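Chemist: Mind folding the following:
(one chain, ligands or ions: 1)
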Amino acid sequence: MALVPKHIKQLSPYQAGKPIEEVRREFGLEKIVKLASNENPLGPSSKVILAVTNSLKNTHRYPDASGFSLRNRLANKFNLKLENVVLGAGSEGIMSVIMRTFLLPTDEIIAARNSFIGFRVLANSSGIHTNWVTMRDYRYDLNAMAKCINEYTKVIYLANPDNPTGTYFTKDEFDQFMKKVPDRVIVILDEAYFEFAMNKKDYPDSMYYRYDNVITLRTFSKAYGLAGFRIGYGFGHEDLIGNILKVKLPFEPSLPAQIAGLTALDDEVYLNYALKINNDGMEYITSSFKKIGYDFIESSTNFVTLILDSPLEAEILCSELLKRGVIVRHLKGFGWAECVRISIGTMDENKYFISILKKIILK
Ligand SMILES: Cc1ncc(COP(=O)(O)O)c(C=O)c1O
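Modeler: Numbering: from 1, shown residues only. As a prediction, this is how the structure comes out:
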């Protein structure tokens, strides 16, 4: 249709992990284990459920457009001012506002090829020219990204740790990179998996840096188990955040989402438990891969990516697992056709996955 711009026509629709009910219908299975979307397998904390349930009686009212309570709580926790904090419908929601706030048609973006698919969609749908920089050994090549900076560069997107590789760039690499980034360039530092990586000694927690041109994005979707609420947050210089707030939809995130975030932030018991379950699960799944003789990428997140011998082998593995009720993610659409990403589940789910995997291999 002539009404649709070329860059929109060229987009492929986002393919989310298969929903559990669809797999149940298609294969007539009782037990389904979904390890496909990097969600927290535990469900939200019981404190969140209680607080959100209580908040429902107020949902005939619009939520607080300034998001005061949660922004204030985040500002206190991270020793910032309210003016440095923005909330959004997931961190992806904030990313989308950042693109609308700062980019002009003549600007350019730099991002890693085959990194987070959500950003790829945003960049491609913006119509802004993007320099996609190839990764090296499943890691960001920050030197190559810095070399792409030119007079038109306005935004650089970095996911640390990255999805779908699970790798991170180190403090040294980040320091070297930032020396080469001019102040007029905005760095979106997507730390969706921050909580899983924060204890690594060489992981650069962006909150210690406070660069004026870096916007840090974090989320309640992963470690806090609130993906369905759609709530994330961002930190940055007050000038940047102030302008993002002008462009953002005023009543996002929803009232229950704001309450969920506020409650989750104070529930450290839940967070520590979720991180422990993830650690144990990662240890179990990766040691099983080693025993089987599978190659995988060392991950600092809540998922791990297998490297198979060929795209065909990866495709067959996914469909064989699916037939038996285990949903994992073939990374063909991400640009890694030989890879399969597995999100860490509960220990029961992890054991079920490995038992099915062994049956498939021995078949
Ligand atoms: C690297 C990365 N950034 C952002 C997101 C989106 O998170 P949210 O649910 O906060 O929009 C994801 C979700 O998978 C992700 O992997």
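Chemist: When you work out contacts or count neighbours from here on, use the C-alpha atoms and nothing else.
Modeler: Will do.
Chemist: which residues does the residue of the stretch 151-300 of the chain found nearest the ligand contact?
Modeler: Across the stretch 151-300 of the chain, no residue is closer to the ligand than T219, which sits at 4.4 Å (Cα to the nearest ligand atom). By Cα atoms under 8 Å, 6 or more residues apart in numbering, the residues touching T219 are 90-91, 191-192, 231-233.
Chemist: And these, which two are furthest apart?
Modeler: E191 and I231 (13.9 Å; Cα to Cα).
Chemist: what's in contact with stretch 277-296?
Modeler: For stretch 277-296, using Cα under 8 Å, 6+ apart, the contacting residues are 302-308, 344-347, 350, 354.
Chemist: follow-up on the earlier one: okay if I get the contacts of T219 as a markdown table plus secondary structure?
Modeler: A markdown table is the format used below for the contacts of T219 (DSSP: H, G, I helix; E, B strand; the rest coil):
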| residue | secondary structure |
| --- | --- |
| G90 | helix |
| S91 | helix |
| E191 | coil |
| A192 | coil |
| I231 | coil |
| G232 | strand |
| Y233 | strand |
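Chemist: Need phi/psi at the residue of the stretch 151-300 of the chain closest to the ligand.
Modeler: Main-chain dihedrals, T219, degrees, to the nearest 10: phi -140, psi 160.
Chemist: and it, what are its bridge partners?
Modeler: Bridge pairing for T219 (DSSP bridges) gives the partners G232.
Chemist: I'd like the numbering to begin with 589 instead of 1 from here.
Modeler: With the count now opening at 589, the last piece we talked about shows up as T807.
Chemist: burial count for S679?
Modeler: 25 (other Cα atoms under 10 Å).
Chemist: same check, this time on the one 3 residues further on
Modeler: A count of nearby residues for I682, using other Cα under 10 Å, gives 23.
Chemist: what's near enough to touch the closest residue to it other than its chain neighbours?
Modeler: Nearest residue to I682, sequence neighbours excluded (Cα to Cα, 6 or more residues apart in numbering): G676, at 5.1 Å. Contact partners of G676, counting by Cα under 8 Å, 6+ apart, are 682, 818-821, 836, 840-841.
Chemist: Confirm Y745 sits in a helix?
Modeler: No - according to three-state DSSP, the state of Y745 is strand, so it is not within a helix.
Chemist: looking at it, it is touching I698, isn't it?
Modeler: Yes - contact criterion Cα atoms under 8 Å: Y745 and I698 qualify, at 6.4 Å.
Chemist: the strands in the stretch 589-738 of the chain, which residues?
Modeler: With strands called from DSSP state E, counting those that start in this stretch, the stretch 589-738 of the chain shows them at 621-622, 673-676, 696-700, 717-721.
Chemist: Next: the stretch 789-938 of the chain.
Modeler: Along the stretch 789-938 of the chain, counting by DSSP E, counting those that start in this stretch, strands occupy 802-807, 820-823, 883-885, 891-895, 914-915, 917-918, 927-931.
Chemist: now the helices for the chain?
Modeler: Taking DSSP state H as the test, the helices found in the chain are 594-597, 608-615, 634-643, 656-665, 678-690, 705-714, 730-735, 759-767, 782-785, 826-835, 843-854, 856-880, 899-911, 935-950.
Chemist: Buried residues of the fourth one, list them for me.
Modeler: So the one you mean is helix 656-665. By 16 or more other Cα atoms under 10 Å, the buried positions in helix 656-665 come out as 658-663.
Chemist: Contacts for that helix next, please.
Modeler: Under the criterion Cα under 8 Å, 6+ apart, residues 668-670, 672-675, 846-847, 849-850 lie in contact with helix 656-665.
Chemist: Need these in JSON lines (columns: pLDDT).
Modeler: Shown next, in JSON lines, are the contacts of helix 656-665 (pLDDT from 0 to 100):
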{"residue": "L668", "pLDDT": "96"}
{"residue": "K669", "pLDDT": "97"}
{"residue": "L670", "pLDDT": "98"}
{"residue": "N672", "pLDDT": "98"}
{"residue": "V673", "pLDDT": "98"}
{"residue": "V674", "pLDDT": "98"}
{"residue": "L675", "pLDDT": "98"}
{"residue": "Q846", "pLDDT": "98"}
{"residue": "I847", "pLDDT": "98"}
{"residue": "G849", "pLDDT": "98"}
{"residue": "L850", "pLDDT": "98"}
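Chemist: which of those are buried?
Modeler: The neighbour-count test (16+ other Cα under 10 Å) applied to the contacts of helix 656-665 identifies 668, 670, 672-675, 846-847, 849-850 as buried.
Chemist: what bridges to the residue nearest to I682?
Modeler: G820.
Chemist: For it, give me the pLDDT.
Modeler: Predicted confidence (pLDDT) for G676: 98.
Chemist: From H825, how far off is it?
Modeler: To H825, G676 is 17 Å away according to Cα to Cα, to the nearest Å.
Chemist: what's the answer for T689, then?
Modeler: 14 Å.
Chemist: for E779, same thing?
Modeler: Between E779 and H825 the computed distance is 17 Å (Cα to Cα).
Chemist: The two: who's more crowded?
Modeler: Set E779 next to H825 and count neighbours by other Cα under 10 Å: E779 wins out with 23 against 18.
Chemist: Quick check: residues of the stretch 739-888 of the chain near the ligand?
Modeler: Within reach of the ligand by Cα under 6 Å from any ligand atom, the stretch 739-888 of the chain has these residues: 747, 750-751, 778, 780, 807, 809, 815, 818, 820.
Chemist: where in the protein is pLDDT low?
Modeler: Flagging of the chain using pLDDT under 70 yields the residue ranges 950-951.
Chemist: Let's check: the centremost residue of this protein is which one?
Modeler: Nearest residue to the geometric centre of the chain (Cα atoms, centre = their mean): A780, 4.5 Å.
Chemist: So it sits against S679, correct?
Modeler: Yes - in this structure, A780 is within contact of S679 by Cα under 8 Å, at 7.4 Å.
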